[in-house]
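Trainee: Coordinates only, no sequence provided:
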């Protein structure tokens, strides 16, 4: 995505965050809301021009985790700390990106399969229930709704049963974990 498509947030010397799109100050929670809504955000220091996005995203995650909104298990956090070594650092970002992509694809396929094979789909109120489930998945994946991946929308449908797809995802994740542990 080009920087032009990002919502630009500028950090002033006072550490206040300024939304250049709406010309007002925002909080970390506001930024988290933009991201959950599907916006790409870029946070830069006004004076130096340094990109501070990573720093602020980590701060948002830390605040949610400290409030008891735990998404990351202790074992994952421990492994992340361990990954900050020379050899593992080159593999971990790609591994995490592929893991989240597989999770998003699996959720999207599950939602599509639920609508396709569920006789309740024609019942009144089913669309509202599905919208609630999509919102739940969107919240669980950091604001990316199932089916939001443009590459997946153009991919051919897979006729495998949902359990086979889940088994394949589990197998791929296990393979990636095995490769990572060998490093």
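Mentor: Okay, I see it. Keep in mind that this is a model prediction, so the values were computed, not measured. Numbers count the residues shown, from 1 in each chain.
Trainee: ok, residue 35 touching residue 41?
Mentor: Yes. Between residue 35 and residue 41 there is a contact under Cβ atoms under 8 Å: 5.9 Å. In short, each C-beta sits where N, CA and C put it, glycine included.
Trainee: Determine the number of other residues adjacent to the nearest residue to residue 92 once chain neighbours are set aside.
Mentor: The shortest distance from residue 92 to any non-neighbouring residue, by Cβ to Cβ, 6 or more residues apart in numbering, is to residue 83 (4.2 Å). Residues lying near residue 83 (other Cβ atoms under 10 Å) number 18.
Trainee: now residue 79
Mentor: 15.
Trainee: Next up, phi/psi of it, please.
Mentor: With angles defined as degrees, to the nearest 10, residue 79 sits at phi -70, psi -40.
Trainee: quick revisit: could you report the pLDDT at the residue nearest to residue 92?
Mentor: Per-residue pLDDT puts residue 83 at 79.
Trainee: Roughly how far does it sit from residue 32?
Mentor: Distance from residue 83 to residue 32, counting by Cβ to Cβ, to the nearest Å: 24 Å.
Trainee: before we move on, what about residue 76?
Mentor: Taking Cβ to Cβ as the measure, residue 76 falls 20 Å from residue 32.
Trainee: got it, and residue 6?
Mentor: 15 Å.
Trainee: do residue 40 as well
Mentor: Between residue 40 and residue 32 the distance is 13 Å, computed by Cβ to Cβ.
Trainee: before we move on, back to that, tell me which of residue 6 and residue 32 has more neighbours.
Mentor: Applying other Cβ under 10 Å to residue 6 and residue 32 shows that residue 32 carries more neighbours, namely 19 against 16.
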